[in-house]
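In: here is a sequence together with a model predicted from it:
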Amino acid sequence: MKQLSIFLQNESGTLTSVLDILADAGIQLYAVSIADTSDYGICRLICDKPDEALAILRNAGHAVSQSDVRAIIIGDTPGAAAETIRIFAKEHLSLAYLYTFLYENKPVLVFRTDDKEKASDIILRHGLKSL
Amino acid sequence: MIWNKDKETMSRADMRALQGKRLHKLVEYVYHNVPFYRDKMQQADITPDDIRSIDDITLLPFTTKQDLRDNYPFGLQAAPASEIVRIHASSGTTGKPTIVGYSRRDIDVWSECMTRCLTAYGIGRDDIFSVAYGYGLFTGGLGVHYGVENLGASVVPTSTGNTEKHIRLITDLGISGIACTPSYALHLAETMEKMGVTKSDLKLRSGAFGAEPWTENMRKEIESRLGLKAYNLYGLSEIMGPCVSYECECQNGSHINEDHFFPEIIDPNTLEPLPYGTTGELVFTTLTKTGMPLLRYRTRDLCSITDEPCPCGRTNVRMSSIIGRSDDMLIIRGINVFPSQVESVLLSIPECAPYYRIVVDRVNNLDTITVQVEIRPEQFDGEVDTLNPIFELEKKVKSHLKSVLSISPIVQIKQPGSIERVDGKTKVVTDLRNIK
C-alpha cells in the first residue's frame, strides 16, 4: 500500500496547509498519522489517489516522499490489535512505526519494517489478511 | 569589450596623476562650499593647497554615515539647489534616511560608469535588458536604467513585484540581460520553475547582481537555474549608486571606476591606511561629484584591493568580494561572527536550499545563535518516511558551522518555502538582544 510522508516543521498551520492542498484537489484521506519532535514533524497519510497527491504536493514545493507500507485487516474486537502485534514480537519483526485506521468499517493496521520478506512470510504463515 | 579604453586601460602612473589633479580640485570645491568639511580641515590645520597628489589624501578627514545623519538633509550638499536635478533617499532602517542630491553632471558620470559595467558584462546595443531593481528612492532601478539607455540597448523597467508578469516578458520579448539582487534572481528561478518555464525558454545570457552580499555558490546556483553568466555589480547610494565597481569576464574581483571613486582600505579600529592585498574597511572619495561630494567615506564594507594587472586588459584596481560589514558583525559570547560566514557554510551543503535566517538571542544571560535553513525538497525524492534524514542534516549543518564559527549554534531545519522571500534586500539576521 502506498503511503505519503511529508516533512513539516512543528508550527501551527503547517499541517492545515498540506491538508488544504489535498482537499482542494478532491483527494480523500483514509488515514493521517503524525510523528513529531519539538521542532519537526512528519505527516504520514494514506489516501485514494496517492500518485496524484504526490505530484500535487511536490509541485507545491513540499518535501514529500512515497513509500510502500504493509496494511493488514484485523478483527473488530477488543484485543485484536494486541494479538497481531504479539505475533510480530514473537517473530522478532522490528517495526519502524505503526498506526491504525478504519477502512470501509474494518480496522486496518499499517506498519513499516525494513525486513519486507520476513513480514510477507509472517503474514502468510499466520493467515493475516492484507488490505 | 571595453567601453572607455582611455580611462579603463590607463597606465597606473597616469591614473594616479589624474586622481591627484581631481582630488586637489575636489578639496578646493568642498572647502569653499561645504562648511562641515571646511571646519574639519581648519581644525586639522589643512588647506586645499596641501593636497598636491593622491598620496596626500591621508591628510583629509573621514566621513561616516553618522555625519550624513547629523547633517540631514542637505548639510553636506555642495551644489546650490538650482544645480540639483535628482534626489535619492536610502532605506534608512535606523533613524533618518540618507539623502543624496545629484547634479546633472553627476547623473552623466553615473550613466558613463554604469555603461562601462554593462559593456564588461557583454551587453551591447542589440540587447534587451530588464532592470528588476526597485525603481524609486533606491538608486538601483534608475541607476542601471540610465546606464542601459546610455549604452543604447533597450531597457525594460520591470522593477520588482510582479514576478510572473516579469517571467512572461523575459520569454516573450527575448530579454537577454537582467539586473537585480541575487536573492530576487533565485526567487525568479523558483517562480519560473513553478510556472513550468524552463531555461531553454529563455534568451537570458548575462546578469548584473548586487545591492546585497552574495557568494560563489549563489553565483553557481543563479547561473545554472537561469542559464546566464552572473556578474557582480557594486555600488552604494552615498557614493553614487550601482556603477562603483564591476566584474569583467575574468570574474576575479570587481574593477573600480577609480577615475571617479578613489578607493582606500583602512583598519576600522586604528583608521590607518592598509596596503593593497590586506583586508580592511573600504573607503571612497568621490573625485568628480559636484552634488554631494564626500571625502573618505567609510563604507563599513570589508574587502581587499589589488592593482595586479587583469588579463582582460583593464588597469583599474579590483576589489575582492565583500566578506562582511564592519557594523553587521555579530558578537556572540565574545566571538566575532559575520553572517556571510554562515551563508557560505550553508551554501556548501548540497542538502540545504539557499534560504536561511539567523536569530540571535540571550537566554539566561547566555548569547544563543540559531540558524534556520530550508531543506531542499529533492531530499525526499526517494523513499523517506522518517525524520532521520532531518536529524542527520541538522547534525551536519551544526558541525560545519561550529568548525567555521568556533561557537556551537542551534540549528533548525525548515520545510521548503517556509522562510520568507523578499523582493529586494533580504533581512537574514534578527537580533532579539537589542529589543529586550
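Out: Great, that's in hand.
In: from B:Cys310, how far off is B:Cys250?
Out: In this structure, B:Cys250 lies at 6 Å from B:Cys310, with CB to CB, to the nearest Å as the measure. C-beta: built from backbone N, CA, C; applies to glycine.
In: which one of these two has more residues nearby?
Out: B:Cys310 (19 against 14; other CB atoms under 10 Å in any protein chain shown).
In: is it true that the more buried one touches B:His255?
Out: Yes: taking CB atoms under 8 Å as the definition, B:Cys310 is a contact partner of B:His255 at 7.1 Å.
In: counting by contacts, list what the helix or strand bottoming out on mean pLDDT in chain A packs against.
Out: Between all helices and strands in chain A, the lowest mean by mean pLDDT, DSSP states H and E belongs to strand A:129-130, at a mean of 90. Counting contacts by 3 or more CB pairs under 8 Å, 6 or more residues apart in numbering or on different chains; DSSP states H and E, strand A:129-130 is packed against strand A:70-73.
In: direction included, what does the strand it packs on pair against?
Out: Paired neighbours of strand A:70-73 in the sheet (DSSP bridges): strand A:106-112 (antiparallel), strand A:129-130 (antiparallel).
In: mind telling me which of the ones you listed the model trusts least?
Out: Comparing mean pLDDT across those, the weakest is strand A:129-130, with a mean of 90.
In: quick one: stretch B:269-288 to chain centroid distance?
Out: Relative to the chain's own centre, stretch B:269-288 is displaced by 17 Å; criterion: CA atoms, centre = their mean, to the nearest Å.
In: low-scoring stretches of chain B, by residue?
Out: B:91-95, B:422-426, B:434-436 (pLDDT under 70).
In: what does it put close to chain A?
Out: B:194, B:375-377, B:379-387, B:390, B:412-418 (CB under 8 Å from any CB of the partner chain).
In: quick one, which of those are buried?
Out: B:375-377, B:379-380, B:384-387, B:390, B:412-418 (16 or more other CB atoms under 10 Å in any protein chain shown).
In: so which of these are in strands?
Out: Members of these lying in strands (criterion: DSSP state E): B:375, B:412-414.
In: what's the most distant pair in those?
Out: B:Ile375 and B:Gln412 (10.6 Å; CB to CB).
In: tell me where chain A has strands.
Out: Counting by DSSP E, chain A has strands at residues A:2-9, A:29-36, A:40-47, A:64-68, A:70-73, A:97-103, A:106-112, A:129-130.
In: of those strands, give the one that comes closest to B:Thr98.
Out: strand A:2-9 (37.8 Å).
In: who's in contact with the closest one?
Out: A:14-15, A:18, A:39-47, A:50-51, A:53-54, A:57, A:62-69, A:110, A:112, B:375, B:380, B:384-387, B:390, B:412-415, B:418 (CB atoms under 8 Å, 6 or more residues apart in numbering or on different chains).
In: let's see it at 7 Å
Out: With contacts defined as CB atoms under 7 Å, 6 or more residues apart in numbering or on different chains, strand A:2-9 is touched by A:14-15, A:18, A:39-46, A:50, A:53-54, A:57, A:62-69, B:375, B:380, B:384-385, B:390, B:414-415, B:418.
In: for that strand, which strands pair with it and how are they oriented?
Out: Strand A:2-9 pairs in its sheet with strand A:40-47 (antiparallel), strand A:64-68 (antiparallel), by DSSP bridges.
In: of those strands, which approaches A:Leu131 most closely?
Out: Closest of these to A:Leu131 is strand A:40-47, at 9.6 Å (criterion: CB to CB).
In: before we move on, what SS does B:Glu264 have?
Out: Following DSSP: H, G, I helix; E, B strand; the rest coil, we place B:Glu264 in the strand state.
In: which non-adjacent residue is nearest it?
Out: B:Val283 (4.4 Å; CB to CB, 6 or more residues apart in numbering or on different chains).
In: isn't the one you found right up against B:Tyr297?
Out: Yes: if you go by CB atoms under 7 Å, B:Val283 and B:Tyr297 touch, sitting 6.5 Å apart.
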